[in-house]
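A.B. asks: One predicted model, sequence on top.
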Amino acid sequence: MSSTIDSILVENRIFPPFPNLVEGAAISGMDAYRALCDEAERSPGEFWGRLARENLNWSKPFTQVLDESQAPFYRWFGDGELNVSANCLDKHLETPTANKPAIIFESDDGKVTTITYKQLHARVCQLANGLKSLGHKAGERALIYMPMSIEAVVAMQACARLGIIHSVVFGGFSSKSLHERAVDVGATLIITADEQVRGGRTIPLKSAVDEALAMGGCEAVAHVVVYKRTGGKVQWHPERDLWLDDLCNGQPEVCAAVSLNAEHPLFILYTSGSTGKPKGVQHAAGGFLLWALLTMKWTFDAKDSDVFWCTADVGWVTGHTYIAYGPLAAGLTQVMFEGVPTYPNVGRFWEMIQRHKVTVFYTAPTAIRSLTKAAETAPEYHPRKYDLSSLRIIGSVGEPINPEAWMWYYTNVGGERCPVLDTWWQTETGAHMLTPLPGATPLKPGSCTFPLPGIDAAVVDEAGGPVENSKGGFLVIRRPWPGMIRTIWGDPERFKKSYFPPELKGVYLAGDGAQRDADGYFWIMGRIDDVLNVSGHRLGTMEVESALVSHELVAEAAVVGRPDGTTGEAVVAFVVLKRALPEGSEADDIAKQLRDWVAKEIGPIAKPKDIRFGENLPKTRSGKIMRRLLRVVAQGETVTQDVSTLENPAILGQLSQAH
Ligand code: WTA
């Protein structure tokens, strides 16, 4: 482990909660928040037990809340039984929610399809019956490799209904990644589509499945169920391939939900670790569902009248918790989008919020930053050109949101009427962990503020000792929580090593650096591995990026470290300017301006040694900046890693030359 970050963040702007959101909020006011935190601290067992009984329908009630005997392999509600799909769908059937739209789906080309809870339930049951007829059953593993579609949610819910453990693979991953996952989970079933459509382009999916299966080692895959999205040409293997429609047509619209132990795995989702191959993060049915639903209520203050829109892909955890499960368990109407924010133009998100009267909007900082840039160059698509008055809450997830992006989002999208919820969490945590509450928390731009009730977050040093406020350290969670990762599929040792290293004595290590300010607010400093050490001073890459982005010329910036003979590490910044270089200016001049700017914002020590300009940054299709690749480029080396998951592989060449 690297050591701690010592850096001081100063953010003096504070935004108190809006009175109209405080009134009637699930957690209304800081006193109510503290009361819940106190209840959890006094008796975690009673706290979580009460919430699990009040919020979930159990087919067999649990008698034990938490079993710590095999820690860190915690078991929650371990003798209880329930079904996640029944808790998302069946429970609404006898209520007015039954006829309410569950999903308003908008395709890439703007076609809108709406499905009610009752209809969604029927579709899920038909697919579950179809899968049953093929002989698939509880405990098997299914890969889901689907475009953003109602069918993707149906597939996940149908698996949950039968106790088939799903592993969704993001549609942007290659056949090689798919193969790796199919082998690792021992899949017996794959649910896919012929093609997907994004930004006016079709991208094949079925052929990637064919390629993956041809690589061998996954002979256990008995069936490939194919959703016909485009009708594009596919190769067919009649002994294993079936069209989704053929499988579902004529199946009964009722299918009993299988009563499953609360610890039955709901899904396995692969995520990158700092080393080695991706880890299969395993989540348990009961705890995950409870945490997904509670955070819908607490963080998003779910109201029956809400139109919720999470822009994530179902291939990532955000799409699991806040598309496939949370909003349905909460009985909300949600918008689901097939395409990309820039097609047919950069106003797409804003237009969709306007069209569907979205009330809660949840997206990623990278989208916000790129749309900020787009709004500068294409003012006709600026969010202010749209009627966004339906919004009441706007959220952010996935990376630190720098204060400038936060302010832009708050001002231009939220119209200075909506709180920006900067939600910190991970694939491993199941749902939100640190986040403002719309009816309680005074906001500071760039801070994820405080832990949710029941979440015992702390900042510690490398020996697990406490770190005082305004000093950096490791973010840890000191007590287990229901939504937590149960293990890494097939690799319990790696689970222990990655998340419960012995030097931290039993606390969960998040892998992020963090610090608390003088008011106790949490500030995430980025992954521990992104922390730089320059001349013995520790710097969060995020701080430097934040400084750069706050410069009027800069749209986006990514900062990495480069080994340096003199200073240990040197700061290298990759910068995307809002406009082409101003008339008559040289890159060197701008670079100097930016260096001086950073020196002024943070201190001369944070001055980037090297600044490279590009039209863009290398990003995964989920929008994460690939700092790993930038580190290679920063060192003047050639990238030899697989770049197939990059949105824009060509940018690497440009940045390498942009000396
Ligand atoms: C980062 C995404 C700062 C963090 C839900 C974490 C954040 C990793 C935030 C998990 C945030 C996520 N502020 N950093 N609000 N949210 N992160 O597993 O480094 O894809 O460890 O889960 O994203 O990414 P993952």
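C.D. replies: Yep, it's here.
A.B. asks: my guess is Pro482 is in a strand, correct?
C.D. replies: No - counting by DSSP: H, G, I helix; E, B strand; the rest coil, one finds Pro482 to be coil, located in no strand.
A.B. asks: Surely it is in contact with Arg75?
C.D. replies: No - the pair Pro482 / Arg75 is not scored as a contact, 10.3 Å apart, by Cβ atoms under 8 Å. Heads up, the C-betas are built off the backbone N, CA and C, glycines and all.
A.B. asks: helix or strand right after the lowest-mean-pLDDT helix or strand in the chain?
C.D. replies: Ranking every helix and strand in the chain by mean pLDDT, DSSP states H and E puts strand 537-540 at the bottom, with a mean of 62. Following the chain from strand 537-540 toward its C-terminal end, the next helix or strand by DSSP states H and E is helix 541-549.
A.B. asks: packing partners for that following helix?
C.D. replies: helix 403-408, strand 522-527, strand 554-564, strand 568-577, helix 587-601 (3 or more Cβ pairs under 8 Å, 6 or more residues apart in numbering; DSSP states H and E).
A.B. asks: now the angle from that helix to strand 522-527?
C.D. replies: 100 degrees (axes from the mean of the first three to the mean of the last three Cα atoms, to 10 degrees).
A.B. asks: Could you check which residue of the stretch 151-300 of the chain lies nearest the ligand?
C.D. replies: At 5.1 Å from the ligand, Thr271 is the closest residue in the stretch 151-300 of the chain, using Cβ to the nearest ligand atom.
A.B. asks: low-confidence ranges in this structure?
C.D. replies: 1-10, 272-277, 529-531, 533, 535-539, 565-568, 582-583, 658-659 (pLDDT under 70).
A.B. asks: So which bits of it are right by the ligand?
C.D. replies: 271, 316-318, 397-400, 422-427, 448, 510-512, 524, 527 (Cβ under 6 Å from any ligand atom).
A.B. asks: Mind putting the helices and strands packed on helix 541-549 into JSON lines with mean neighbour count?
C.D. replies: Below are the helices and strands packed on helix 541-549 laid out as JSON lines (neighbours: other Cβ atoms under 10 Å):
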{"stretch": "helix 403-408", "mean neighbour count": "22"}
{"stretch": "strand 522-527", "mean neighbour count": "23"}
{"stretch": "strand 554-564", "mean neighbour count": "22"}
{"stretch": "strand 568-577", "mean neighbour count": "22"}
{"stretch": "helix 587-601", "mean neighbour count": "16"}
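A.B. asks: how about those, which one is nearest Phe18?
C.D. replies: Among the helices and strands packed on helix 541-549, helix 403-408 comes nearest to Phe18, with 16.1 Å by Cβ to Cβ.
A.B. asks: for whichever helix or strand comes after that closest one, packing partners?
C.D. replies: Using DSSP H and E, the helix or strand that follows helix 403-408 in sequence is strand 420-423. The helices and strands touching strand 420-423, judged by 3+ Cβ pairs under 8 Å, 6+ apart, are strand 393-397.
A.B. asks: Packing partners of the strand it packs on?
C.D. replies: strand 360-363, strand 420-423.
A.B. asks: For the last one, which strands pair with it and how are they oriented?
C.D. replies: So the one you mean is strand 420-423. Note on strand 420-423: by DSSP bridges, its sheet partners are strand 393-397 (parallel).
A.B. asks: In contact with Thr318, which residues?
C.D. replies: Cys310, Ala312, Tyr362, Val397, Gly398 (Cβ atoms under 8 Å, 6 or more residues apart in numbering).
A.B. asks: Tell me the one of those nearest Gln641?
C.D. replies: Nearest to Gln641 among the contacts of Thr318, with distances taken as Cβ to Cβ, is Gly398, at 21.3 Å.
A.B. asks: residues near the closest residue to Asn648 other than its chain neighbours, how many?
C.D. replies: Once flanking residues are discounted, Asn648 sits nearest to Asn616: 5.6 Å by Cβ to Cβ, 6 or more residues apart in numbering. Neighbourhood size, Asn616 [other Cβ atoms under 10 Å]: 17.
A.B. asks: Asn616 in helix, strand or coil?
C.D. replies: coil.
A.B. asks: Test my guess that it contacts Pro649.
C.D. replies: No - at 10.9 Å, Asn616 does not count as touching Pro649 under the criterion of Cβ under 8 Å.
A.B. asks: Just the C-alphas of stretch 134-143, formatted as PDB.
C.D. replies: Presented in PDB, the C-alpha positions along stretch 134-143 are these (Å, rounded to 0.1, in the frame of the first residue of the first chain):
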ATOM      1  CA  LEU A 134     -35.200 -25.500 -21.400                       C
ATOM      2  CA  GLY A 135     -34.200 -27.100 -18.100                       C
ATOM      3  CA  HIS A 136     -32.400 -24.100 -16.500                       C
ATOM      4  CA  LYS A 137     -32.800 -23.800 -12.800                       C
ATOM      5  CA  ALA A 138     -31.600 -22.100  -9.600                       C
ATOM      6  CA  GLY A 139     -27.900 -22.000  -9.000                       C
ATOM      7  CA  GLU A 140     -26.900 -22.000 -12.600                       C
ATOM      8  CA  ARG A 141     -25.100 -19.000 -14.100                       C
ATOM      9  CA  ALA A 142     -26.200 -17.100 -17.100                       C
ATOM     10  CA  LEU A 143     -24.300 -14.400 -19.000                       C
END
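A.B. asks: Now it: buried residues?
C.D. replies: Neighbour counts over stretch 134-143 (16 or more other Cβ atoms under 10 Å) mark His136, Glu140, Arg141, Ala142, Leu143 as buried.
A.B. asks: Between these, which sits nearest the ligand?
C.D. replies: Nearest member of the buried residues of stretch 134-143 to the ligand, counting by Cβ to the nearest ligand atom, is Leu143, at 18.9 Å.
A.B. asks: Tell me if I am right that the closest one is in a strand.
C.D. replies: Yes - under three-state DSSP, Leu143 sits within a strand.
A.B. asks: isn't it right up against Asp184?
C.D. replies: No - using Cβ under 8 Å, Leu143 is not in contact with Asp184; the gap is 10.2 Å.
A.B. asks: For Lys471, grab phi and psi.
C.D. replies: phi -120, psi 140 (degrees, to the nearest 10).
A.B. asks: how many neighbours does it have?
C.D. replies: Neighbours around Lys471, by other Cβ under 10 Å: 16.
A.B. asks: Quick one: the helices in the stretch 301-450 of the chain, in order.
C.D. replies: Using DSSP state H, counting those that start in this stretch, the helices of the stretch 301-450 of the chain run over 317-319, 326-329, 348-356, 365-377, 403-408.
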